[in-house]
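Peer 1: I'd like to go over a predicted model; first the sequence, then the structure.
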Amino acid sequence: MTTTAQTNRLLVIAGGRAVGKTYWADAILTSGRFDIARVKTRTTREPRDARDHETYRFMDESGFRALLASGSLLEHDYYRQAYYGSSLGDMHDVLARSHGLIVLTAAGVHAVARHAAELNARVLLFLPDNRRLMERNLDLRNITDPALRASLMDEAESYAFGPGVPHAAVRLSGDDADGDRVFRAVAELLG
């Protein structure tokens, strides 16, 4: 365990897939309201666009497996034929300079919760307030398979961590008031 007396906090953004986590993470980071930097997630998937390099560290599968075998990854997941994972070392590097922000799945949130004191972590859960929001987000991702869409909508609506993971929640509706709700919650969590 790294011991640092730090005032910087790790803001963990969580929620179901396609609920808008990356959109809101980008909005938080670029708002100018907070001294905060992104902790990049490692992945083996291909970049969707040039901006993806701001969010992810892209690597091949053998490199990812080597990190996994060495114990360098705090958590990892496999989704849509690609690995995703986050490094405890990357988190500490960001927290040495500023607050940190990372987007994680429920499994990632549980892994961070085991290091919550060390990382000074705070969790912000995004939940959809309506199906229209999810339909729009799935359309933007070109997810058209009806069964997959239904599954992702159900996952986002019922997303939960279980006991032992303190968190704040924001219900997203896709309206202009979402920004006020998100930024107010972030300000409270980063205190």
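Peer 2: Nice, thanks for sending it over. Numbers count the residues shown, from 1 in each chain.
Peer 1: what's the pLDDT at the spatially most central residue of the chain?
Peer 2: By Cα atoms, centre = their mean, the chain has its centre lying nearest to residue 103, at 1.0 Å. In this model, residue 103 is scored at 92, pLDDT.
Peer 1: so what's it up against?
Peer 2: Applying Cβ atoms under 8 Å, 6 or more residues apart in numbering to residue 103 gives the contacts 12, 13, 14, 21, 22, 25, 41, 55. Placement of C-beta: from N, CA and C, glycine included.
Peer 1: take those residues and keep only those in strands.
Peer 2: Cross-referencing the contacts of residue 103 against strands under DSSP state E gives 12, 13, 14, 41.
Peer 1: nearest to residue 115, of those?
Peer 2: Closest approach to residue 115 among the ones in strands among the contacts of residue 103 (Cβ to Cβ): residue 12, at 10.8 Å.
Peer 1: how about the closest residue to residue 60 other than its chain neighbours, phi and psi?
Peer 2: Excluding the flanking residues, the one nearest residue 60 by Cβ to Cβ, 6 or more residues apart in numbering is residue 44, at 6.5 Å. Backbone geometry at residue 44, expressed as degrees, to the nearest 10, gives phi -100, psi 0.
Peer 1: so how far is residue 140 from residue 44?
Peer 2: 23 Å (Cβ to Cβ, to the nearest Å).
Peer 1: these two: which is more packed in?
Peer 2: Taking neighbours as other Cβ atoms under 10 Å, residue 44 and residue 140 compare with residue 44 leading, 19 against 11.
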